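Undergrad: only geometry, no sequence info:
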């Protein structure tokens, strides 16, 4: 089993920044990559970014490239998503997920954290 807890969401003005955290625990979390997904109201949950615990296999969806940065702190078993130059269209519930490293299918999900970008 893998447990994931997100934090760091909130309300920010356009152009602002937030850093999301995903704290992982459980005996097997190290066997998974970690991904960030987001879901806006009325829309499907979409991929945002992913990384392995060694910083390999780092990917971003096109709409966040150059603005978002994913990173890991292995000592804290935590994955971060630094989000800069935020836009209203970034508003969503952000989820982290433990990804199977063969299929890249999410096997475990966190509870989500709300990010609202508005003036």
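TA: In hand now; what should we look at? Keep in mind the model is a prediction, meaning the values are calculated, not measured.
Undergrad: going forward, measure contacts between C-alpha atoms and count neighbours the same way
TA: OK.
Undergrad: Sketch out the low-pLDDT regions of this protein for me.
TA: The model of the chain has no residue with pLDDT under 70.
Undergrad: Would you mark the buried spots in stretch 71-89?
TA: Of the residues in stretch 71-89, 71-72, 78-84, 86-87 count as buried by neighbour count, 16 or more other C-alpha atoms under 10 Å.
Undergrad: So which of these belong to strands?
TA: Of those, the ones assigned to strands by DSSP state E are 71-72, 78-83.
Undergrad: got the residues you listed as CSV, with distance to residue 119 columns?
TA: Shown next, in CSV, are those (distance: C-alpha to C-alpha, whole Å):
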residue, distance to residue 119
71, 28
72, 31
78, 30
79, 28
80, 25
81, 22
82, 20
83, 17
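Undergrad: Among the residues you listed, which one sits closest to residue 24?
TA: Closest approach to residue 24 among those (C-alpha to C-alpha): residue 78, at 6.0 Å.
Undergrad: OK, contacts around that closest one?
TA: 21-24, 72 (C-alpha atoms under 8 Å, 6 or more residues apart in numbering).
Undergrad: Looking at the ones in strands among the buried residues of stretch 71-89, spot the one nearest residue 97.
TA: Nearest to residue 97 among those, with distances taken as C-alpha to C-alpha, is residue 79, at 10.5 Å.
Undergrad: so the closest one makes contact with residue 19?
TA: No. If you go by C-alpha atoms under 8 Å, residue 79 and residue 19 don't touch, sitting 10.3 Å apart.
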